[in-house]
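>>> structure, please.
(chains A and B)
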Number of protein chains: 2
Amino acid sequence: MKPSGKTLELILKDVLSDLISDEVVVGVSNRHVHISQEDLEKIFGAGYKLTKMKDLRQPGHYAANETVTIIGPKGKMDKIRILGPVRKETQVEISMSDAFKLGIKAPVKESGKLDGTPGLTIVGPKGTLEKEKGVIVAGRHIHMPKFIADIKGYKDGDMVTVETSGERKALLQNVLIRVGSNVVKEIHLDMDEANASGASNGAFVKIIRD
Amino acid sequence: MKPSGKTLELILKDVLSDLISDEVVVGVSNRHVHISQEDLEKIFGAGYKLTKMKDLRQPGHYAANETVTIIGPKGKMDKIRILGPVRKETQVEISMSDAFKLGIKAPVKESGKLDGTPGLTIVGPKGTLEKEKGVIVAGRHIHMPKFIADIKGYKDGDMVTVETSGERKALLQNVLIRVGSNVVKEIHLDMDEANASGASNGAFVKIIRD
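Below you'll find the model as predicted:
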């Protein structure tokens, strides 16, 4: 047998790359709120702690039992779920349909990139919060574990395309790869994107490199 | 000059084909109702005629001043606009988000293909209508004038892909070509599709052949 010229490490990487599927599970995000501990206490009371309703796919993340009302210039929406754990900054993620209903010009943004985003009013059982910023339409993204990114050659910040299936099949472009250590491989789409492309929660879509 | 071997007709067809853009204007459909004259009279009164609020892009089609309430097992939606003129059969077009809110399992269907579709309740100022069928999520489609279809080689029933632009750009597959005589070239998308792909009303998207 002719030597391949590859080191054992490179051969193993090729083998593993073939083994790791290009399919990724879909997590559909309905409108939700991430909240800081400080803001939580303002609308739920001093010392309040979020309580878990159910775990999400990403380790440590959960849907809380707590919900709030969000209010914009043109409308309000009740029973908007808080996702835990608490974060450094409060962030409200809505769909474009929601943005229209609320009358808020929410930009498509990566989570946490809140500079220049519009605000809104958040109402809890013990108080009302006027936020100056924090409302976004979350850009579609894939949580990618670092070991898979290393093997497959993805870098944090890469943009890829994903392909859905079924009668509304589509190629969704500009999907951000977010590489992390303690994450599960999962694509996050909002309700508009899921409905338009037939990618339901728990289904699989295929990653295609641009 | 060497003779091309083409007839004048074929040469002209090639020239025209290059001249006719592959871009198509987007019409975004919000939830709406097409109604039969018989059903209209049941909920607006005997002899009632639809009145025009504004013309739509397709010749003869218009948004009526009249609206109705639609009710499903899990919810209701007010102020749903009727589109005129009246049709042979009443048909309610909603988005998947709407279907979820109403609790109706509406299938993705071509307009007019109502066999096996679910029903709902429609309420007007003078009465209530219980429909056994007629609720669909409209499949995305392009109205294509016959002369353009002839020149470009599209047949009624062809499926194409369209490409949107912007930060949510996408390739929407399975777009039905509907060839007609008295139509304007226009793609109809619903709110979910428009929001997910950045294809706003009046914008242009590009047709790509599969």
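>>> got the CA coordinates for stretch A:47-62 in CSV?
Presented in CSV, the C-alpha positions along stretch A:47-62 are these (Å, rounded to 0.1, in the frame of the first residue of the first chain):
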residue,chain,number,x,y,z
GLY,A,47,-34.6,38.6,45.8
TYR,A,48,-36.8,36.8,43.3
LYS,A,49,-35.3,33.7,41.6
LEU,A,50,-36.5,32.2,38.2
THR,A,51,-38.0,28.7,38.5
LYS,A,52,-37.6,26.1,35.8
MET,A,53,-40.5,24.8,33.7
LYS,A,54,-38.5,22.7,31.3
ASP,A,55,-35.0,22.2,30.0
LEU,A,56,-34.0,23.4,26.6
ARG,A,57,-31.5,21.6,24.3
GLN,A,58,-28.6,23.8,25.2
PRO,A,59,-27.0,22.7,28.5
GLY,A,60,-28.1,24.8,31.5
HIS,A,61,-30.7,26.7,29.5
TYR,A,62,-34.4,26.4,30.4
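>>> contacts for it next, please.
The contact list for stretch A:47-62 (Cβ atoms under 8 Å, 6 or more residues apart in numbering or on different chains) reads A:25, A:27, A:35, A:40-41, A:63-66, A:81-86, A:126, A:143, A:182-184, A:186. Just so you know, the C-beta spots here come from the backbone N, C-alpha and C atoms, and that holds for glycine as well.
>>> just want the most central residue of chain A.
What sits nearest the mean C-alpha location of chain A, by Cα atoms, centre = their mean, is A:His188, with 4.6 Å.
>>> hmm, stretch A:164-181 in reach of chain B?
Yes. Shown here: stretch A:164-181 in contact with chain B (Cβ under 8 Å from any Cβ of the partner chain) through A:167-174.
>>> from the contacts of stretch A:47-62, which land in helices?
A:40-41 (DSSP state H).
>>> are any of the contacts of stretch A:47-62 buried, and if so which?
If you count burial by 16 or more other Cβ atoms under 10 Å in any protein chain shown, the buried members of the contacts of stretch A:47-62 come out as A:27, A:35, A:40-41, A:63-64, A:66, A:81-84, A:86, A:143, A:183-184, A:186.
>>> how close does the closest residue to A:Lys152 other than its chain neighbours get to chain B?
Nearest non-adjacent residue to A:Lys152, counting by Cβ to Cβ, 6 or more residues apart in numbering or on different chains: A:Ser17, 5.8 Å away. Using Cβ to the nearest Cβ, to the nearest Å, we find A:Ser17 at a distance of 26 Å from chain B.
>>> A:Val135 against A:Gly103, yeah?
No. Counting by Cβ atoms under 8 Å, A:Gly103 is not a contact partner of A:Val135; they are 11.1 Å apart.
>>> those two - which one has more neighbours?
Shown here are A:Val135 and A:Gly103; by other Cβ atoms under 10 Å in any protein chain shown, A:Val135 has more neighbours (26 against 13).
>>> show me what contacts that one?
A:92, A:94, A:99, A:104, A:106, A:117-120.
>>> out of these, which is nearest to B:Lys74?
A:Ile94 (21.4 Å; Cβ to Cβ).
>>> now do the same contact list for the closest one.
A:31, A:70, A:102, A:104, A:106, A:135-137.
>>> paired strands for the strand or helix carrying the residue nearest to the centre of chain A, with orientation please.
Element membership for A:His188 (DSSP states H and E) is strand A:186-190. Note on strand A:186-190: by DSSP bridges, its sheet partners are strand A:23-29 (parallel), strand A:141-145 (antiparallel).
>>> beyond that strand, next helix or strand please.
Next element after strand A:186-190 (DSSP H and E): helix A:191-197.
>>> can you give me the helices in chain A?
A:8-19, A:37-44, A:96-102, A:146-152, A:191-197.
>>> my guess is A:Ile104 contacts A:Pro118. True?
Yes. The criterion here is Cβ under 8 Å, and A:Ile104 meets it with A:Pro118 at 5.3 Å.
>>> isn't A:Gly112 right next to A:Gly134, touching?
No. Counting by Cβ under 8 Å, A:Gly134 is not a contact partner of A:Gly112; they are 10.3 Å apart.
>>> which residues do the two both contact?
A:89, A:91.
>>> looking at those two, which is more packed in?
More neighbours surround A:Gly134 than the other of A:Gly112 and A:Gly134, with 23 against 11 (other Cβ under 10 Å).
>>> spit out the contact partners of that one.
Each residue near A:Gly134 by Cβ under 8 Å, 6+ apart is listed here: A:89-92, A:114, A:117, A:119-120.
>>> rerun that using 7 Å as the cut-off
A:Gly134 sits next to A:89-92, A:114, A:117, A:119 when contact means Cβ atoms under 7 Å, 6 or more residues apart in numbering or on different chains.
>>> out of those residues, who's the most crowded?
A:Val92 (28 neighbours).
>>> what about chain A, any weak spots by pLDDT?
The model of chain A has pLDDT under 70 over residues A:1-5, A:210.
>>> can you pull the residues of it lying near chain B?
Residues of chain A found near chain B, taking Cβ under 7 Å from any Cβ of the partner chain as the criterion, are A:95-97, A:108, A:167-174, A:191-193, A:195-197.
>>> can you tell me which of these are buried?
Among these, those classed as buried by 16+ other Cβ under 10 Å are A:95-97, A:108, A:168-174, A:191-193, A:195-197.
>>> hang on, the earlier thing: the residue nearest to the centre of chain A contacts A:Val26, correct?
No. In this structure, A:His188 is not within contact of A:Val26 by Cβ atoms under 7 Å, at 8.3 Å.
>>> and for the two, which residues touch both?
If you check A:His188 and A:Val26 against Cβ under 7 Å, 6+ apart, no residue is contacted by both.
>>> rewinding a little: can you tell me which two in the contacts of A:Ile94 are farthest apart?
Checking the contacts of A:Ile94 with Cβ to Cβ, the most distant pair is A:Ile70 and A:Val137, at 13.7 Å.
>>> torsion angles phi and psi at the closest residue to A:Lys88 other than its chain neighbours?
Take A:Lys88 and drop its neighbours on the chain: the residue closest to it by Cβ to Cβ, 6+ apart is A:Ser36, 6.3 Å away. Its backbone dihedrals place A:Ser36 at phi -80, psi 160, with angles given as degrees, to the nearest 10.
>>> pretty sure A:Ala138 sits against A:Gly112.
No. Using Cβ under 7 Å, A:Ala138 makes no contact with A:Gly112, being 10.2 Å away.
>>> now do the same contact list for A:Lys206.
Per Cβ under 7 Å, 6+ apart, neighbours of A:Lys206: A:22-23, A:162-163.
>>> nice, that's everything, thank you.
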